[in-house]
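1. Below are the sequence and a predicted model; questions follow.
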Amino acid sequence: MAYAAVLFYLLTGMPFLRHLGLENDEALFASPLFAPKAWHYKIRLFHSDFPLLLMSYLGTLKTFIYKPLFRWFGTGILVTRVPMLLAGALTVWLFYLFLRRIAGERTALIGCWLLAADSLFLLTSCFDWGPVALQHLLTVGGLLLVVHFYQERREFSLFAAFLLFGLAVWDKALALWLLTGCGLAAILTLRRQILDTLNLRRLGLAVAGFCVGASPFLIYNVTHHFDTLRENATRDFSDIPGRARLLLNTLDGQGMFGWFIQEDADTPKPHLPSDGFEKLSADLSAIAGHPRTGLMIYGLILALLLAPLARGPELRAILFALIAATAAWLQMATTRGAGGSVHHVILLWPMPAMLVAVSLGAASRRLGKAGLPAVAAVVVLLAGSDLLVTNEYYAVMLRNGGSVTWTSAVFTLSGYMKSQQATNVFCVDWGIMDSLRLLNRGRLPLRWGGDEPDSELASLLADPGSIFLGHAAGREVFPGKTAALTARAARLGFSREVMAEIGDSFGRPMYEVFRFHPQ
């Protein structure tokens, strides 16, 4: 049954992989690999540069993983997305092994099916712009190894667990939210178990493992006065209600509607289903009433109500998941500039699935003969509601396509630019450069443009090889960028010529390609 859950996860995710364009942040990890190469921090060893951080809180672990993949398989949408889908599937499997060790086979099966069916856990792994897929994999793998160490007393498992935790922090420092939440939960619920197993040698192994895994992150912060914390740990309590609504929208699965796919009102030429599978998805969407919310919130409420039926290790596991998730969410909800998107909230996963699975598993054993069928029905209802939401995402995606930052028009733009002879390709608006850099393997002379001093800008505008890229009117990520550049050019004596307007197959203009001529 656990293998079936992993296979179900993969089969559910595969149809999504091709239907959206490559989002800018989804391609960001490749910026140290292709020109114009970019990174935040590097070290130099053996006469070579080794980029360690893309931003002060974002590491290059994913970059190093993909470097050989791009060499072997080339770049493209499937090469970019399939490995992260596989990482999500492996996370489901490791979560099953983790729950089986702490709460038994029945609970493990409940948990892995709930996680495999979770709409936003699936989508944030398929489209790993967060990035979050490696965060989940490393955190769950580390928790499994900690439990393995406690049960088997194998000290290498302890070292390996904290090595994975350290790698998670290097991958993205926001892993500290859930890791510190798990640490607090462990102290409050497993104090005796910790004291029984902890000694100086084991403490040293844990610290050593973490330091090895997080070494790039630690080296940077030690040499740069802990910039990560100074720049990203400022508290802001002004939008806790908004962050709470986002938490609920992520739990019930609706958090990405109207954001990464277009709605009907903005689609002049919606697509009709083109094959049997797409028609089945559209029919299921219609029959189900176009559902956009699942029942996971009600599952959590039911799990908390049933929690008193749990005893011993199961009750501690429920409290552990609740404390860890609450502590992590409070950190993200009060961090300025973070916690305001689905890719932040999803970092709490798989704690919600753990809480529900352990509580339902315990209840099924406490309620006598009726317990197992009743709990099985609840699990089918919860997972089924999530599956219907996932299908709704797919149906809307096929019908309306991606939003501005996820538009498939980026592939058309990429193909068009390959045919142009340009000395410089200036990206005027956000959301263009990183996608084109990856899709073209660094062969386009890309650079940011539009903010240069007037003296430099005038020479760039006069160069016939200077081509500018922006979003179409009304679709700019930062509105007014193209208009401001056009106004500055006019003051300098240049007029704008639109070379091409790149639209998607749904009838929406998405990009403008233009150059300037002396007036």
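-> Received it, and whenever you're ready, just let me know what you need. Residues are numbered from 1 along each chain as shown.

2. what sits against residue 365?
-> Under the criterion of CB atoms under 8 Å, 6 or more residues apart in numbering, the contact list for residue 365 reads 106, 371. From N, CA and C alone the C-beta is placed, and that goes for glycine too.

3. cool, residue 410 as well?
-> Contact analysis of residue 410 by CB under 8 Å, 6+ apart lists 21-22, 432, 435-436, 439, 510-511.

4. mind redoing it with 6 Å?
-> When contacts are counted by CB atoms under 6 Å, 6 or more residues apart in numbering, residue 410 is found next to 21-22, 435.

5. low pLDDT regions in the stretch 401-519 of the chain?
-> Within the stretch 401-519 of the chain, no range satisfies pLDDT under 70.

6. Would you mind measuring from residue 451 to residue 54?
-> Relative to residue 54, residue 451 is positioned 21 Å away (CB to CB, to the nearest Å).

7. Which one's more surrounded, those two?
-> Each of residue 451 and residue 54 has its neighbours counted (other CB atoms under 10 Å); residue 54 has more, 21 against 13.

8. can you tell me the helix or strand for the nearest residue to residue 208 once chain neighbours are set aside?
-> On the basis of CB to CB, 6 or more residues apart in numbering, the spatially nearest residue to residue 208 that is not a chain neighbour turns out to be residue 159, at 6.6 Å. Secondary-structure element containing residue 159, defined by DSSP states H and E: helix 155-171.

9. the strands in the stretch 301-450 of the chain, which residues?
-> In the stretch 301-450 of the chain, the segments counted as strands under DSSP state E, counting those that start in this stretch are 424-427, 446-448.

10. what's the following helix or strand after the shortest one?
-> Just to be clear, that refers to strand 446-448. Next in sequence after strand 446-448, counting helices and strands by DSSP H and E, comes helix 454-462.

11. can I get the CA coordinates of that following helix in PDB?
-> Coordinates of the C-alpha atoms in helix 454-462 are reproduced here as PDB (Å, rounded to 0.1, in the frame of the first residue of the first chain):
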ATOM      1  CA  ASP A 454      21.600  58.500 -18.800                       C
ATOM      2  CA  SER A 455      25.100  58.700 -20.200                       C
ATOM      3  CA  GLU A 456      25.400  54.900 -20.300                       C
ATOM      4  CA  LEU A 457      21.800  54.400 -21.300                       C
ATOM      5  CA  ALA A 458      22.200  56.700 -24.400                       C
ATOM      6  CA  SER A 459      25.100  54.600 -25.800                       C
ATOM      7  CA  LEU A 460      23.100  51.400 -25.200                       C
ATOM      8  CA  LEU A 461      20.000  52.700 -26.900                       C
ATOM      9  CA  ALA A 462      22.100  53.800 -29.900                       C
END
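
12. List the buried residues in the helix or strand containing residue 53.
-> Taking DSSP H and E as the criterion, the element that holds residue 53 is strand 48-55. Along strand 48-55, the positions that meet the burial threshold by neighbour count (16 or more other CB atoms under 10 Å) are 51-54.

13. farthest-separated two in those residues?
-> Of all pairs drawn from those, the one with the longest distance (CB to CB) is 52 and 54, at 9.0 Å.

14. Let me know the average pLDDT across stretch 219-236.
-> The average of the pLDDT scores along stretch 219-236 is 83.

15. quick one: terminal-to-terminal distance for that stretch?
-> 28 Å (CA to CA, to the nearest Å).

16. buried stuff in it?
-> For stretch 219-236, burial by neighbour count (16+ other CB under 10 Å) applies to 220-221, 227-228, 232.

17. Could you export those as JSON lines, including secondary structure and distance to residue 184?
-> Below are the buried residues of stretch 219-236 laid out as JSON lines (DSSP: H, G, I helix; E, B strand; the rest coil; distance: CB to CB, whole Å):
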{"residue": "220", "secondary structure": "helix", "distance to residue 184": "26"}
{"residue": "221", "secondary structure": "helix", "distance to residue 184": "22"}
{"residue": "227", "secondary structure": "helix", "distance to residue 184": "25"}
{"residue": "228", "secondary structure": "helix", "distance to residue 184": "21"}
{"residue": "232", "secondary structure": "helix", "distance to residue 184": "20"}
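
18. now, which of those sits nearest residue 181?
-> residue 232 (17.0 Å).

19. so which of the strands of the stretch 301-450 of the chain is the most packed in?
-> Mean neighbour count (mean count of other CB atoms under 10 Å) peaks for strand 424-427 among those, with a mean of 22.

20. pull the CA atoms of that strand into PDB?
-> Taking C-alpha atoms only, strand 424-427 is exported to PDB below (Å, rounded to 0.1, in the frame of the first residue of the first chain):
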ATOM      1  CA  ASN A 424      22.900  42.700 -25.500                       C
ATOM      2  CA  VAL A 425      19.400  41.500 -24.500                       C
ATOM      3  CA  PHE A 426      18.100  43.700 -21.700                       C
ATOM      4  CA  CYS A 427      15.500  42.400 -19.400                       C
END
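
21. Given it, what are its sheet partners and their directions?
-> Applying DSSP bridges, strand 424-427 is found paired with strand 446-448 (parallel), strand 466-471 (parallel).

22. Ok, which of the ones you listed comes nearest residue 239?
-> Checking the strands paired with strand 424-427 against residue 239 by CB to CB gives strand 466-471 as the closest, at 27.2 Å.

23. Pull the residues that contact that closest one.
-> Residues from elsewhere that reach strand 466-471 (CB under 6 Å, 6+ apart): 422, 424-429, 432, 460, 482, 512-515.

24. Output the residues you listed in TSV; the columns should cover distance to residue 133.
-> Conversion of the contacts of strand 466-471 to TSV gives the following (distance: CB to CB, whole Å):
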residue	distance to residue 133
422	34
424	34
425	30
426	32
427	26
428	31
429	27
432	24
460	39
482	34
512	33
513	33
514	37
515	39
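
25. So which of these is the closest to residue 402?
-> For the contacts of strand 466-471, the nearest to residue 402 is residue 432 (14.3 Å; CB to CB).

26. Determine the number of other residues adjacent to the closest one.
-> Neighbours of residue 432 under the rule other CB under 10 Å: 23.

27. circling back to that earlier point, on contacts alone, who are the packing partners of the helix holding residue 159?
-> Helix 155-171 makes packing contacts with helix 133-152, helix 175-189, helix 200-213, helix 215-223 when contacts are defined by 3 or more CB pairs under 6 Å, 6 or more residues apart in numbering; DSSP states H and E.

28. Could you identify which of these is most buried?
-> Neighbour counts averaged per stretch over the helices and strands packed on helix 155-171 are highest for helix 133-152, at a mean of 23; criterion: mean count of other CB under 10 Å.

29. give me every residue that touches residue 351.
-> Contacts of residue 351 (CB under 6 Å, 6+ apart): 321, 324-325.

30. Just the residues you listed: which are in helices?
-> Residues from the contacts of residue 351 lying in helices, with DSSP state H as the criterion: 321, 324-325.

31. Switch those over to JSON lines; also include pLDDT, neighbour count and distance to residue 89.
-> As requested, the ones in helices among the contacts of residue 351 are arranged in JSON lines below (pLDDT from 0 to 100; neighbours: other CB atoms under 10 Å; distance: CB to CB, whole Å):
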{"residue": "321", "pLDDT": "97", "neighbour count": "26", "distance to residue 89": "22"}
{"residue": "324", "pLDDT": "97", "neighbour count": "27", "distance to residue 89": "23"}
{"residue": "325", "pLDDT": "96", "neighbour count": "24", "distance to residue 89": "23"}
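
32. Now residue 199, what are its backbone angles?
-> When quoted as degrees, to the nearest 10, the phi and psi of residue 199 stand at phi -150, psi 180.

33. Great, nothing more from me.
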